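In: Predicted model and sequence follow; I will ask about them next.
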Amino acid sequence: MPENILFVCVENAGRSQMAEAFFRKFAPKQFNVSSAGTIPSLQLNPIVIQVMREIGIDMENQKPKLLSNLMIENSSKTVNMGCMDKESCPSLFVKDVFDWNISDPKEKPLEEVRIIRDKIKFEVMNLIKTLEG
């Protein structure tokens, strides 16, 4: 039975989508991965798509998704990317959540989004190591 890994944030337009893409690329196949947001945006952040494309990950067809109780119940591990808006913060709704406290790339310049991307990759690779070990 595969383990379900869930990455959550508010809009599901940047951080959690990048984490899902990295996990999908680097994790062993015994894991299922998804991402969602408490108040999903209509589309992914275009700069996020751009910085991921720079490192060979195509997110053009990814769409923000609404976080559901079923997603939470079915996840083995849930990672909250960090919150700016406490009223809609996913960690308020999810028990036993990892909180990475990563800055939101929304309205940030390209260079800062690259730094956020690299931090997310680092965290995802560490998570994969702990899940395998």
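Out: Structure's in. What do you need? These numbers were taken from a predicted model, which means no experiment stands behind them.
In: all contacts plus neighbour counts: C-alpha atoms, from now on.
Out: Noted.
In: residues touching Ser34, list them.
Out: Ser34 makes contacts with Asn4, Ile5, Leu6, Phe7, Glu20, as judged by Cα atoms under 8 Å, 6 or more residues apart in numbering.
In: residues contacting Asp104?
Out: Counted by Cα under 8 Å, 6+ apart, Asp104 has contacts Gly14, Arg15, Gly82, Cys83, Met84.
In: again, only using 7 Å
Out: Arg15 (Cα atoms under 7 Å, 6 or more residues apart in numbering).
In: Let me know the pLDDT of it.
Out: Note on Asp104: pLDDT of 93.
In: What distance do you get for it to Ile128?
Out: 22 Å (Cα to Cα, to the nearest Å).
In: So which bits of the worst-scoring helix or strand of the chain on mean pLDDT are buried?
Out: Least confident helix or strand, the chain: strand 97-99 with a mean of 82, by mean pLDDT, DSSP states H and E. Neighbour-count burial for strand 97-99 flags Val97, Asp99 (criterion: 16 or more other Cα atoms under 10 Å).
In: next structured bit after that strand?
Out: helix 110-132 (DSSP states H and E).
In: Going by contacts, tell me the helices and strands next to that next one.
Out: With contacts taken as 3 or more Cα pairs under 7 Å, 6 or more residues apart in numbering; DSSP states H and E, helix 110-132 sits against helix 15-26, helix 46-54.
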